[in-house]
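In: using only what follows, build the 3D model:
(2 chains)
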Amino acid sequence: MTAALLPAASNFAGSVDALFDALLALSALVVLGVFTAMIWFCIKYRRGSGADRSNRHRRSLGVELTWTLVPFALFVGLFGWSIGLWERMRTPPADAAPVYVVAKQWMWKVQHPGGQREINTLHVPLGQPIRLLMTSQDVIHSFYVPAFRVKQDVLPGQYTQLWFIADKVGTWHLFCAEYCGTDHSRMGGSIVVMKTADYARWLEAHADVSMAQQGAALYRQLGCSGCHGAESSVHAPKLEGLYGRRVPLSDGSWVVADDRYIHDSIMLPRKQIVAGYAPIMPSFEGRIGEDDVLALIAWMKAHPAPGERDP
Amino acid sequence: MTRPESPVPPHGASYLEAGYSLRSWLLTHDHKRIAILYTLSITFFFALGGIAAMLIRLELVTPNGTLMSAETYNKAFTFHGIVMVWFFLIPSIPATLGNFLLPLMIGARDVAFPRLNLFSWYLYMVGGLFTIAMLLLGGVDTGWTFYTPFSTMFSNTHVILAAVGVFVVGFSSIFTGINFIVTVHSMRAPGMTWYRLPLFVWSMYAVALVMVLATPVLAMTLSLIALERLFGVGIFNPALGGDPVLFEHFFWFYSHPAVYIMVLPAMGVVSELITAGVHRRIFGYKFMTWSMLAIAVIGFMVWGHHMFVSGMSTYAGVVFSVLSFIVAVPSAIKVFNWTASLYKGDIEFSAPMLYALGFIGLFLLGGLTGLFLAATALDVSLTQTYFVVAHFHYIMVGGSVMAYLGGIHFWWPKITGRLYHAGIARFAAILMFVGFNVTFFPQYILGYEGMPRRYHDYLPQYQMWNVISSAGAVVLAVSYLLPLAYLLWSLRYGPRAGDNPWQAKGLEWETPSPPPPHNFESVPLVTDGPYAYEE
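Out: Have a look, this model is predicted:
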């Protein structure tokens, strides 16, 4: 019944609606029970009515426990259902295609691995899992597509992800759902779901320098190779093959070189110092944008250590 | 005007006749007079917050911004939230009815620390002055939630003034909490054992515990905001090495228990209204007391359900979700027990009883929709939409405000010694129930349809329900103005109430209306539990 109010256009929509309807039905039952009892008692035991009021304090622990535990058990059943679905919503399949989203006051910047850039629009293919890797340039935003029943906060200084399979061709609303300042309500856009062939054509028409190549260019422009390059005389960690590896830190702990670690090493280099190196890396905070950091990460992913294969 | 009051009031005079000078009010130590001071102050702030609400609803009649700019709109809902939460709802029942009734109900002459009680009111007023200053200087646009790094680095409005106002008023609740805890422990009349306490006293005790334990976290969080905003100390802003999600944890660690600060007192009031309206004992007294304490305790462990889409781990989500389902159990017990208390009662449909019945219905709807938000998979799409707005207004306005007004109507004869017009009061109660539902039920539908909250400008497809909601807000406003008019009228023209116009049980009804300055002519001796309506 609820589907009539809102289009359903993703692999999650049907399951979420089914859970919503089940919870709605159970709640309606409780409301009906309580309201019926209230109205019935109010009429029957109104002041001056001749209803029998003897023996009014027959106290029963049984009654109290029954009306507490039975609804509770039913609701806990729905809790289990919800957790199962939530787990699914949070676990993208390994073959999900990545798309990168950078939020800023008050726009959504999207970039596909092939370099296709979009603003306030996201083109996705029908029937294929898509994984959005998102971060914010300034304050907290939230990526919300009602027709897909998905939402994820987009945080500055962190990467969050969101995945879905669009299962209906069309254009669906995108909202910013976390209050982010003056033009929060205008920070919207659309998700365009296309048939696979149309999407392939779209990708081709908008192909640009790939993110990894953009990263390579930045690596040179920003002078990263001056310290991190093979010929450099500065004692700095090598970046080839770094992505995904475990890195020892100067405080004795270990960290996996994931997106967040690489982001922080560029923007907040003092936060985690690699064991055996001096803290001489300058911060790029304010000098480069979050989309540049994503390009640098893409370049690092594309540069395994000699002898390793690109994952 | 500043002549010293006569030290000994004439024999038989009420607390209202104990002095007429301004000084006799502003320097009073009498819990009843302090309750009156609070009532006047929170009514003023309720009116301010209500005006902001009307501006919001007026703007939302049309999908595009017409009445005001986005900036003004953002300031309006922020002001509405700050004022309604901290300057109305949190002090509402405890500081007014609680202050007035707690000593009367336990047979005490006053609260444990009368001077501290007066100081609490002054702190409230100082916090209020900061908030008014913030408004006059141009307002603040962070939302009442002050999310970082927006509030610390990006907003150009008066965040610090707003935070100082809330910080100061927080101490007024902490001191009220301390006062109530000590009063209940140490000042009960002979024979007033814990299980003979009226449920309203239990609710004040439970809420005082939450106030004392949760509010300091708010004070610390606001101090950290000031540190980051004024001195650039990196706590929440990632560009300085901070973590914005940490702020969300701190904020909701206070603000979720704060919801219970608003609703526990309402539960206490409604228990008194129902028993007096039904003229029978409450069903399941011990379940009622322990469910309030359970809410107070478990309420501290569910804050994470505000943050399911913030990127928290799946396991954290599971734990917060199950705890949020569990905290619904004691609330459900209360709803069922109030309903069962109607069974074989002798039900009189006075205005307070109508308010109480309305409370049960609206609280039930608000509570059940809370379960939708506790279910993580549903919360993902519903959170940050109008569904949440509808849900918490059902609890806070449908629940707490209904109960507050019901309580005011119930104890008005005791507080003022006068009776208001019963028919028009019943009409206002029904009008409020109708106006409330017309205003807020459409917002559930809007939220389900995906309309995000805090939107100045929305898609045309959402207009119909917004227009209905705004129309309901007008009805709701009338239903708030009506009691203001006829209650004030009754002060001068209402008939004398007598000591116990409802034939209700409870120590507060055994003393004259209005009560003498020290409440009782002699210390009462308690020999029976509360609600001993059966002869």
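In: B:S310: helix or strand, and which one exactly?
Out: B:S310 belongs to no helix or strand when assigned by DSSP states H and E.
In: chain neighbours aside, what residue packs nearest to it?
Out: A:D153 (4.8 Å; Cβ to Cβ, 6 or more residues apart in numbering or on different chains). In short, each C-beta sits where N, CA and C put it, glycine included.
In: so that neighbour touches A:H141, yeah?
Out: Yes - with contact defined as Cβ atoms under 8 Å, A:D153 and A:H141 form a contacting pair (7.3 Å).
In: now the residue nearest to B:S310: how far from A:G188?
Out: 16 Å (Cβ to Cβ, to the nearest Å).
In: more neighbours, those two?
Out: Shown here are A:D153 and A:G188; by other Cβ atoms under 10 Å in any protein chain shown, A:D153 has more neighbours (28 against 20).
In: now the more buried one, what's its secondary structure?
Out: Three-state call for A:D153 (DSSP: H, G, I helix; E, B strand; the rest coil): strand.
In: and it, what pLDDT?
Out: We have a pLDDT of 97 for A:D153.
In: who's in contact with the residue of the stretch 151-300 of chain A found nearest chain B?
Out: In the stretch 151-300 of chain A, the residue that lies nearest chain B is A:G157 (2.4 Å; Cβ to the nearest Cβ). By Cβ atoms under 8 Å, 6 or more residues apart in numbering or on different chains, the contact list for A:G157 reads A:T135, A:H263, A:D264, A:M267, B:P238, B:A239, B:D243, B:P244.
In: just the pLDDT for the fifth one.
Out: To tie it back to what came earlier, the one meant is B:P238. The model's pLDDT for B:P238 equals 91.
In: tell me the contacts of it?
Out: Per Cβ under 8 Å, 6+ apart, neighbours of B:P238: A:L155, A:P156, A:G157, A:Q158, A:L268, B:P149, B:P244.
In: what do A:D153 and A:H141 both touch?
Out: A:E178.
In: what comes up buried for stretch B:13-31?
Out: B:A13, B:S14, B:Y15, B:L16, B:A18, B:G19, B:S24, B:W25, B:T28, B:D30, B:H31 (16 or more other Cβ atoms under 10 Å in any protein chain shown).
In: helix, strand, or coil at the residue lying closest to the fourth one once chain neighbours are set aside?
Out: Okay, so that is B:L16. The shortest distance from B:L16 to any non-neighbouring residue, by Cβ to Cβ, 6+ apart, is to B:P514 (5.3 Å). What three-state DSSP gives for B:P514 is coil.
In: which residues touch B:P514?
Out: Counted by Cβ under 8 Å, 6+ apart, B:P514 has contacts B:S14, B:Y15, B:L16, B:K32, B:K414, B:I415, B:T416, B:G417.
In: ok, B:F154 next?
Out: So B:F154 contacts A:Q105, A:D138, A:V139, A:G181 (Cβ under 8 Å, 6+ apart).
In: which single one of the buried residues of stretch B:13-31 is nearest to chain A?
Out: Nearest member of the buried residues of stretch B:13-31 to chain A, counting by Cβ to the nearest Cβ, is B:S14, at 30.5 Å.
In: tell me the spacing between that closest one and A:I39.
Out: 40 Å.
In: report the closest residue of the stretch 51-200 of chain B relative to chain A.
Out: Closest point on the stretch 51-200 of chain B to chain A, by Cβ to the nearest Cβ, is B:F150, at 4.1 Å.
In: hmm, that residue is touching A:I140, no?
Out: Yes - counting by Cβ under 8 Å, B:F150 does reach A:I140; the two are 7.0 Å apart.
In: spit out the residues that contact those two alike.
Out: A:C180.
In: in terms of neighbours, single out the busier of the two.
Out: Each of B:F150 and A:I140 has its neighbours counted (other Cβ under 10 Å); B:F150 has more, 27 against 24.
In: as TSV, the buried residues of stretch B:13-31 with pLDDT and distance to B:F440 would be great.
Out: Below are these laid out as TSV (pLDDT from 0 to 100; distance: Cβ to Cβ, whole Å):
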residue	pLDDT	distance to B:F440
B:A13	88	45
B:S14	93	40
B:Y15	95	38
B:L16	94	37
B:A18	90	42
B:G19	90	43
B:S24	94	42
B:W25	96	37
B:T28	95	38
B:D30	96	38
B:H31	97	34
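In: which of those sit farthest apart?
Out: B:A13 and B:H31 (17.0 Å; Cβ to Cβ).
In: quick one: B:M451 and B:P460 touch, right?
Out: No - between B:M451 and B:P460 there is no contact under Cβ under 8 Å: 11.4 Å.
In: and those two? Which one has more around it.
Out: B:M451 (23 against 9).
In: what number of residues lie near the closest residue to B:H306 other than its chain neighbours?
Out: For B:H306, ignoring the flanking residues on the chain, the nearest one in space by Cβ to Cβ, 6+ apart is B:W252 at 4.6 Å. By other Cβ under 10 Å, 22 other residues sit near B:W252.
In: tell me the SS of the nearest residue in space to B:M312 that is not next to it in sequence?
Out: Once flanking residues are discounted, B:M312 sits nearest to B:G304: 6.3 Å by Cβ to Cβ, 6+ apart. With three-state DSSP as the basis, B:G304 sits in helix.
In: wait, what's in contact with B:G304?
Out: Counted by Cβ under 8 Å, 6+ apart, B:G304 has contacts B:H249, B:W252, B:M312, B:A316, B:G317, B:V319, B:F320.
In: bridging residues for A:S136?
Out: For A:S136, the beta-bridge partners under DSSP bridges are A:A103, A:P156.
In: quick check: it touching A:V102?
Out: Yes - with contact defined as Cβ under 8 Å, A:S136 reaches A:V102; the gap is 7.2 Å.
In: what touches both of these two?
Out: A:E290.
In: so those two - more neighbours on which side?
Out: A:S136 (27 against 22).
In: can you check the pLDDT for that one?
Out: 96.
In: residue contacts, it?
Out: Taking Cβ under 8 Å, 6+ apart as the test, what A:S136 contacts is A:V102, A:A103, A:K104, A:V154, A:L155, A:P156, A:E290.
In: let's go with 7 Å and repeat that
Out: Residues near A:S136 by Cβ atoms under 7 Å, 6 or more residues apart in numbering or on different chains: A:A103, A:K104, A:V154, A:L155, A:P156.
In: doesn't A:I140 make contact with the first one?
Out: No - if you go by Cβ atoms under 7 Å, A:A103 and A:I140 don't touch, sitting 8.8 Å apart.
In: mutual contacts of the two, please.
Out: A:V154.
In: can you give me the buried ones in stretch A:196-212?
Out: Per 16+ other Cβ under 10 Å, stretch A:196-212 contains these buried residues: A:Y199, A:W202, A:L203, A:S210, A:M211, A:A212.
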